[in-house]
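# model the structure of this input:
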Amino acid sequence: MALQLGEIIAALGGELHGDASLRIEGLAPLEAAQPAQLAFLSNPKYRQQLDASRAGCVIVAPALREQALARGACIVVDDPYLYFARVTQLWKRAQARPEGPAIHPSAAIADDAVIGEGARIGAHCVVERGARIGAGTVLKARVYVGEDCTIGARCLLHAGVVIGADGFGFAPNQGAWEKIEQLGAVRIGDDVEIGANTCIDRGALADTVIEDGVKMDNLIQVGHNCRIGAHTAIAGCVGIAGSANIGRHCMLGGAAMILGHLTIGDRVTISSGSFVARSILKPGLYTGIFPIDDNASWEKNAATLKQLHTLRDRIKALEKALGPRPEENEP
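Below you'll find the predicted structure:
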């Protein structure tokens, strides 16, 4: 399978410098691309790789036009990363295989479940009573959609996703635990993508809500009654405890942990591995990571960190004994 550069430009636009008839037989990273492959460069700090690249053509920003031209063929666009994303979509459409049945024979779908026009249900999926699957949505193999849960249009749920399992709710009873029945559901908006083996729990009373355009990686846990705002992106292994409210256009790095009943405002970015134990309302980048080190150094630093509270009290006592500082007496 191949596309000519001219076909790519005709479909996606861009400023082509080079032979429009050049056949592109694959897409590849800049450093590994071969003469029949297309690559891209979006981060200027990797520009040193451009001169040595063997790619048949490279997608670059206007600032790198002259450097790219000195190397060979290039496509100049304002946002190379976005353009490359659209090239991957074009490539997938061009090599699409014939589709099988819209609903795989092994899928188990309740009689009163509603399946929208053009939806596709993969092998061994389960769609329970009262569930609704929107138009054009795709469930890959072994996806579970629980009772009364709703999934919007044009969503993509990868293998092993579980929507609407019970939230984790129990009341203590004389040393044992009494189950709190989870009576809510899950409501997922349009254009949401959910990665493999991610679990989104149903609400206890009100619904768990995932708004339009949310993108979720693999192995994410979303607890009951959470709300995730539109167009937020969440990387793998993130854990979000129950009743957390995540804003719109947020980014949560891999393995971040969010405690329950917190509010994360719009356009907040959480670094990978961070532990969020308080609400964050102001947009920005937040990090809560104790840096890795050799074990001996880490233990010393950890021991020192545990003494900071006592050290603060000692400093306050010392300042009190010494009296006010001279600048504090200035008018």
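# Met257 is in contact with Val238, correct?
Yes. Using CB atoms under 8 Å, Val238 is in contact with Met257, at 7.5 Å. All C-beta atoms are positioned from the backbone trio N, CA, C, and that covers glycine.
# counting neighbours, go ahead and name the busier of those two.
Applying other CB atoms under 10 Å to Val238 and Met257 shows that Val238 carries more neighbours, namely 24 against 18.
# distance of that one from Ala256?
Val238 is 5 Å from Ala256, where distance means CB to CB, to the nearest Å.
# now swap in Leu156 and tell me
Counting by CB to CB - Leu156 and Ala256 are separated by 23 Å.
# of the two, give the one with the bigger neighbour count.
Ala256 (24 against 17).
# how about that one, what does it touch?
Ala235, Val238, Gly239, Ile270, Ser271, Ser272, Gly273, Ser274, Phe275, Val276 (CB atoms under 8 Å, 6 or more residues apart in numbering).
# show the pLDDT at it.
With respect to pLDDT, Ala256 scores 98.
# same deal with Gln95?
88.
# surely it touches Met1?
Yes. Between Gln95 and Met1 there is a contact under CB under 8 Å: 4.8 Å.
# hang on, Val222 packs against Val209?
No. Val222 is beyond contact range of Val209, at 10.1 Å (criterion: CB under 8 Å).
# just the helices in this protein please.
5-12, 48-52, 65-71, 80-94, 295-306, 308-322 (DSSP state H).
# which strands and helices lie in contact with the first one?
Which is helix 5-12. Helix 5-12 sits against strand 15-17, strand 74-76, helix 80-94, with contacts defined as 3 or more CB pairs under 8 Å, 6 or more residues apart in numbering; DSSP states H and E.
# mind listing what's buried in that helix?
Leu5, Glu7, Ile8 (16 or more other CB atoms under 10 Å).
# mind checking how far the residue nearest to the spatial centre of the chain is from Glu193?
When CA atoms, centre = their mean is applied to the chain, the residue found nearest the centroid is Ile234 (2.9 Å). Plainly put, Ile234 is 11 Å away from Glu193 if you go by CB to CB.
# need the overlap of contacts for the two.
Contacts common to Ile234 and Glu193, judged by CB under 8 Å, 6+ apart, are Val214, Lys215, Met216.
# Ile180: which of these is nearest?
Taking CB to CB as the measure, Met216 is the one of the shared contacts of Ile234 and Glu193 closest to Ile180, at 25.6 Å.
# ok, the residue lying closest to Ala277 once chain neighbours are set aside - contacts?
Nearest non-adjacent residue to Ala277, counting by CB to CB, 6 or more residues apart in numbering: Leu259, 5.3 Å away. Taking CB under 8 Å, 6+ apart as the criterion, Leu259 is in contact with Ala241, Ala244, Val276, Ala277.
# need the max-distance pair from those residues.
Ala244 and Ala277 (11.5 Å).
# poorly predicted segments of the stretch 201-331 of the chain, please.
Applying pLDDT under 70 to the stretch 201-331 of the chain flags the ranges 325-331.
# where do the strands sit along the stretch 201-331 of the chain?
Taking DSSP state E, counting those that start in this stretch as the test, the strands found in the stretch 201-331 of the chain are 208-210, 215-216, 221-222, 227-228, 233-234, 239-240, 245-246, 251-252, 257-258, 263-264, 268-270, 275-276, 284-286.
# dump those strands into CSV; add distance to Ile24 as well.
Compiled in CSV, the strands of the stretch 201-331 of the chain are given as follows (distance: least, CB to CB, whole Å):
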stretch, distance to Ile24
strand 208-210, 37
strand 215-216, 27
strand 221-222, 39
strand 227-228, 37
strand 233-234, 29
strand 239-240, 41
strand 245-246, 39
strand 251-252, 31
strand 257-258, 42
strand 263-264, 42
strand 268-270, 34
strand 275-276, 43
strand 284-286, 37
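# nearest to Lys45, of these?
strand 284-286 (18.3 Å).
# neighbouring contacts of that closest one?
Strand 284-286 is contacted from outside by Arg267, Val268, Thr269, Ile270, Ser271, Ser274, Val276, Ile280, using CB under 8 Å, 6+ apart.
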